[in-house]
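In: I'd like to go over a predicted model; first the sequence, then the structure.
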Amino acid sequence: MYNIIKKYKILFLLQLICILLCLPKCFAQEELVYFQDGGNMSYGQEGMPYKSELISLNPGVYQFRVRADISKDASLYLNVCSEQGSFRGLRCNGANMFAGQEYLDFEVYVLQKDDRVYLQCDFNKTDYSALQSMELYRVNLGARMLLFVLLLFFAAVDFLVIYRENILQGKVKGGAQKVFWILAASVLLSYLPYTTDYMNIGADSCFHLLRIEGLKETLLQGGQFPVRVESYWLYDHGYANSTFYGDLFLLIPALLRIIGFSLMTSYKMFVFAVMVATAWIAYYSFKRCTGSANAALFGAVIYTLAPYRIYNVYNRGAVGEYLGMIFIPLVLCGLYGLYKDAPDSEGYKKHKIPLIVGFSCLLQSHLLTCEMMVVFTAVICLAFWRKTFQKTTFMQLLQVAFGCLLLNIWFWLPLLWMMAGDSYVLTGSVTESIQERGTLFAELFQFFPNMGGGQEGMYQAEPFQVGITVTLMVLCVCLVILGGKKRRETSAKRNSLDGDILFMAGMEIVILLMSTRYFLWDLLGRIPVLGVIFSSIQFPTRMMGMASALGAFFAAFFIIWAKEELENGLWKQGVASKLFVGIQSVLLILTIGTSVYHVNDIVYRNDPVWIYNAENIGTVSIVCGEYLLAGTHESQYYYHGPVAQEGLEWSNYEKKGLDICLDVQNKTETEKYLELPLTGYKGYRVECSKDKELPRISDERGNHGDLRVAVPAGYEGTLEVSYEGFGCYRVAEVISLTTIIGICLYAMYHRRMQWTVKKK
């Protein structure tokens, strides 16, 4: 490495200079570009939108800030527009401002100098008096974005420089180069729909985009970490999405939003990282199991281009599911190692590492995928019960279970605590019938997937399939092995390989059948206790995530099996080798061809959408609202201030996220209630400025689930309300942190001992 730095010192020095030049601008003060007081505005014709005079904007990022006093049922629509007519040289969606919302701000991205920009306000059921002030500031987000892009670009350049030097020095062989470039090509192909300046909106996209924005807003307000209740949702009332749905990986796009990137760009950069992680982890997992780079590469390409995975990314926008699909191969890798290797073999205890990492990441990505993989693991343990209950294997499985529990206690303990302490909308949704939501059997054989549009019939059917390549390989294995073909070699290795891929093919068929509406899901749902677990997956088609991963895992072993079949058959060695290359090439062409058709169909048929600011998509895209308090609905929420009972007065009200500060005075001789614009989850705390009988959080809630504070008779003082959770949350966080530190220290100690032994 030192020689490389010395050789390219001029390049690295130039990079450092560029970074140092950009750094001061990241801390520059914001600059006021335009200000207009509401009382001094010159309005046009009554009932027409307000337009400011034309202003000139240089390239950069600006923030539009508006203050207003809007009456009930009225609203304003605010935007920054241009008369220049350039092709999206000024990028801004605008946003609605609703009654009770006193302040609104959003970003405006200017890509080229524009001398004909104006601020616009449309009035709905209100007059010009509602608008109090309009301000436009140039902020330092543009410089921060530039610095981040430069860092990424320089990192890519440095990587390629180091990679080239390693190739020249013979450290990276031809096979490794092939793996790198083919995986890179498969990633780019799977990412094709987002190599544009727009994005596609799936069924759940707005929900997950708001998860990102909610994380960003909550982190900027500095009230919680880890985040439990996001403040941005439901007209700033807050939503406990982070308690019930792991958002650890969504910190990546949330931090990109904090840097300054638009919501759309942050999400697309995150998706690219997901594509890279999927390909790399799949390759690593398959290579660890097969020992063959060629087989692992084949399986990784099939998995990266799997129709259901691409469908989850673009058609559904199912962030949790496609995040979970990154880590399913790790779980399969760990299980295969535990049950395939001998317990006394060297490195046997390391097989628990992929399982702990895989299950932990699944839990943080998507609970339902994690639940399905736990059930799958339990089935494997029962199927191979003799190996399961061997002491070494059983101890490894126990360590996996306890390791996952300790590492993730900071997440699952608050989740269970909140579930046990209250009732939510999701409590009633898991009892619904799910069998009819399965796919049609014929759709499993729809080999040219399109963007989808329904599960009825075959026309525009959603791509619930593992693809033509995996299907052909499964059929081939079943025909050859079960078809009574005479074995030409009876070695234990060949019999073992036959058994492995036949078991994988069988599991693949079973899981595919479980994704259809013909599987007995309703019957399983009637089983006491277990029925709730089976019904909670909501859609049997979710099984396609496991089927896709298992199909790619099977494909990696299929390549090894097919090669041995040909070499040990009646074929001459040269003919067998050429035939094997031809078969593998045809399968790859089928995989790539159907994937090209799929992503092209997405690009061609999906309507383009530009999302620059989250304010444009509102705050109530909560899909089914599973994490709402029972008896409440998103339609009940709106912007408002505190609501007090008669005789209770409040003043000096301030709200920042989930933190509220106000002065109250109870002029009566009885306890009175004050309802605050916060969703009434348990875990809020109230602090007071007096030492006498203090206000408390009431167990009862307001009319639409608002948090209610009971103020004692005669009380006068300041109330500070904030969300703090419970003491057990802090204990759980300490346990998880201690576990992580302990694992790191043990790994460092173990590595040091290995180095010591090697030196001796």
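Out: Everything's here; your move. A quick note: this is a predicted structure, and the numbers were derived from the prediction, not measured.
In: now do the contacts for the nearest residue in space to residue 321 that is not next to it in sequence.
Out: Nearest non-adjacent residue to residue 321, counting by CB to CB, 6 or more residues apart in numbering: residue 312, 4.9 Å away. Backbone N, C-alpha and C define where each C-beta goes, glycine included. Counting by CB atoms under 8 Å, 6 or more residues apart in numbering, residue 312 touches 318, 321, 322, 325, 545.
In: how about residue 29, nearest residue that isn't a chain neighbour?
Out: residue 140 is the one closest to residue 29 (CB to CB, 6+ apart), at 7.9 Å.
In: and what of residue 714?
Out: Closest residue in space to residue 714, ignoring its immediate chain neighbours: residue 666 at 6.0 Å, by CB to CB, 6+ apart.
In: where do the strands sit along the stretch 651-760 of the chain?
Out: Secondary structure of the stretch 651-760 of the chain by DSSP state E, counting those that start in this stretch: the strands cover 659-666, 672-679, 684-688, 696-697, 706-711, 716-723.
In: by contact count, what packs against the second one?
Out: So the one you mean is strand 672-679. If you count contacts as 3 or more CB pairs under 8 Å, 6 or more residues apart in numbering; DSSP states H and E, strand 672-679 packs onto helix 233-236, strand 643-644, strand 648-656, strand 659-666, strand 706-711, strand 716-723.
In: those: which one's closest to residue 625?
Out: Among the helices and strands packed on strand 672-679, helix 233-236 comes nearest to residue 625, with 9.3 Å by CB to CB.
In: other residues contacting the closest one?
Out: Helix 233-236 is contacted by residues 98, 100-101, 210, 214, 239, 241, 619-620, 622, 634, 637-639, 655, 657, 677, 679 when judged by CB under 8 Å, 6+ apart.
In: one more time with 6 Å, if that's ok
Out: Residues outside helix 233-236 that contact it (CB atoms under 6 Å, 6 or more residues apart in numbering) are 214, 239, 619, 637, 638, 639.
In: next secondary structure element downstream of it?
Out: On the C-terminal side of helix 233-236, the closest following helix or strand by DSSP states H and E is helix 241-244.
In: relative to the whole chain's centre, how far out is that next one?
Out: Computed by CA atoms, centre = their mean, to the nearest Å, the chain-centroid distance of helix 241-244 equals 13 Å.
In: any weak-confidence spans in the stretch 351-500 of the chain?
Out: Applying pLDDT under 70 to the stretch 351-500 of the chain flags the ranges 427-432, 453-460, 483-495.
In: any idea which residue sits dead centre in the chain?
Out: residue 319 (4.2 Å; CA atoms, centre = their mean).
In: for that one, which non-adjacent residue is closest in space?
Out: Per CB to CB, 6+ apart, closest to residue 319 is residue 208, 4.2 Å.
In: same question, residue 644
Out: Excluding its sequence neighbours, the residue lying closest to residue 644 (CB to CB, 6+ apart) is residue 674, at 5.0 Å.
In: go on, residue 77?
Out: Nearest residue to residue 77 in three dimensions, chain neighbours excluded: residue 122, at 4.1 Å (CB to CB, 6+ apart).
In: now swap in residue 92 and tell me
Out: residue 108 is the one closest to residue 92 (CB to CB, 6+ apart), at 4.4 Å.
In: now do the residue nearest to residue 644 against residue 710, distance only.
Out: According to CB to CB, to the nearest Å, residue 674 stands 8 Å off from residue 710.
In: name the residue most distant from the centre of this protein?
Out: residue 669 (51.7 Å).
In: so how many other residues sit close to the residue nearest to that residue when sequence neighbours are not counted?
Out: In this structure, residue 669 finds its nearest non-sequential neighbour in residue 713, 4.9 Å apart by CB to CB, 6+ apart. Using other CB atoms under 10 Å, residue 713 has 13 other residues around it.
In: got a pLDDT number for residue 713?
Out: As predicted, residue 713 sits at a pLDDT of 88.
In: so what's the backbone phi/psi at it?
Out: Dihedral pair for residue 713: phi -60, psi 130, per degrees, to the nearest 10.
In: ok, residue 135 next?
Out: According to degrees, to the nearest 10, residue 135 has phi -140, psi 140.
In: for it, list each beta-bridge partner.
Out: Beta bridges link residue 135 to residue 35, residue 65 when assigned by DSSP bridges.
In: what about it, distance to residue 80?
Out: Distance from residue 135 to residue 80, by CB to CB: 12 Å.
In: which of those two has more neighbours?
Out: residue 80 (25 against 17).
In: can you classify that one as helix, strand or coil?
Out: strand (DSSP: H, G, I helix; E, B strand; the rest coil).
In: that one contacts residue 109, correct?
Out: No - with contact defined as CB atoms under 6 Å, residue 80 does not reach residue 109; the gap is 9.9 Å.
In: what is the least confident helix or strand in the chain?
Out: When each helix and strand of the chain is scored by mean pLDDT, DSSP states H and E, helix 426-429 comes last, with a mean of 64.
In: how does this structure divide into domains?
Out: 2-23+147-172, 32-139, 193-605, 640-725 (automatic domain parsing).
In: highest mean neighbour count out of the ones you listed?
Out: domain 193-605 (a mean of 19; mean count of other CB atoms under 10 Å).
In: kindly check the end-to-end length of that one for me.
Out: 11 Å (CA to CA, to the nearest Å).
In: what does stretch 311-328 give?
Out: End-to-end distance (CA to CA), stretch 311-328: 17 Å.
In: quick one: it to chain centroid distance?
Out: Per CA atoms, centre = their mean, the centroid offset for stretch 311-328 relative to its chain is 8 Å.
In: now it: mean pLDDT?
Out: The model assigns stretch 311-328 a mean pLDDT of 93.
In: try stretch 150-166
Out: 91.
In: before we move on, what about stretch 115-129?
Out: 87.
In: run the chain-centre distance for that stretch.
Out: The answer for stretch 115-129 is 36 Å, by CA atoms, centre = their mean.
In: between the domains of the chain, which one is nearest to residue 626?
Out: Of all the domains of the chain, domain 193-605 comes closest under CB to CB, at 3.5 Å.
In: need the three-state assignment for residue 97.
Out: strand.
In: and it, what's its pLDDT?
Out: Reported pLDDT for residue 97: 92.
In: likewise for residue 584?
Out: pLDDT, residue 584: 88.
In: for residue 689, same thing?
Out: On pLDDT, residue 689 comes in at 68.
In: mind telling me what element the nearest residue to residue 195 once chain neighbours are set aside is part of?
Out: Closest residue to residue 195 apart from its sequence neighbours, by CB to CB, 6+ apart: residue 188 at 7.7 Å. Secondary structure from DSSP H and E places residue 188 in helix 174-190.
In: could you export that helix as PDB, CA atoms only?
Out: Extracted in PDB, the C-alpha atoms of helix 174-190 (Å, rounded to 0.1, in the frame of the first residue of the first chain):
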ATOM      1  CA  GLY A 174      -8.200 -13.600 -13.800                       C
ATOM      2  CA  GLY A 175     -11.000 -15.400 -12.000                       C
ATOM      3  CA  ALA A 176     -11.400 -12.700  -9.400                       C
ATOM      4  CA  GLN A 177     -11.500 -10.100 -12.100                       C
ATOM      5  CA  LYS A 178     -14.300 -12.000 -13.900                       C
ATOM      6  CA  VAL A 179     -16.300 -12.200 -10.600                       C
ATOM      7  CA  PHE A 180     -15.900  -8.400 -10.000                       C
ATOM      8  CA  TRP A 181     -17.000  -7.300 -13.500                       C
ATOM      9  CA  ILE A 182     -19.800  -9.800 -13.900                       C
ATOM     10  CA  LEU A 183     -21.300  -8.900 -10.500                       C
ATOM     11  CA  ALA A 184     -20.900  -5.200 -11.300                       C
ATOM     12  CA  ALA A 185     -22.700  -5.700 -14.600                       C
ATOM     13  CA  SER A 186     -25.600  -7.600 -12.900                       C
ATOM     14  CA  VAL A 187     -25.900  -4.800 -10.300                       C
ATOM     15  CA  LEU A 188     -26.100  -2.100 -13.000                       C
ATOM     16  CA  LEU A 189     -28.700  -4.200 -14.900                       C
ATOM     17  CA  SER A 190     -30.800  -4.600 -11.800                       C
END
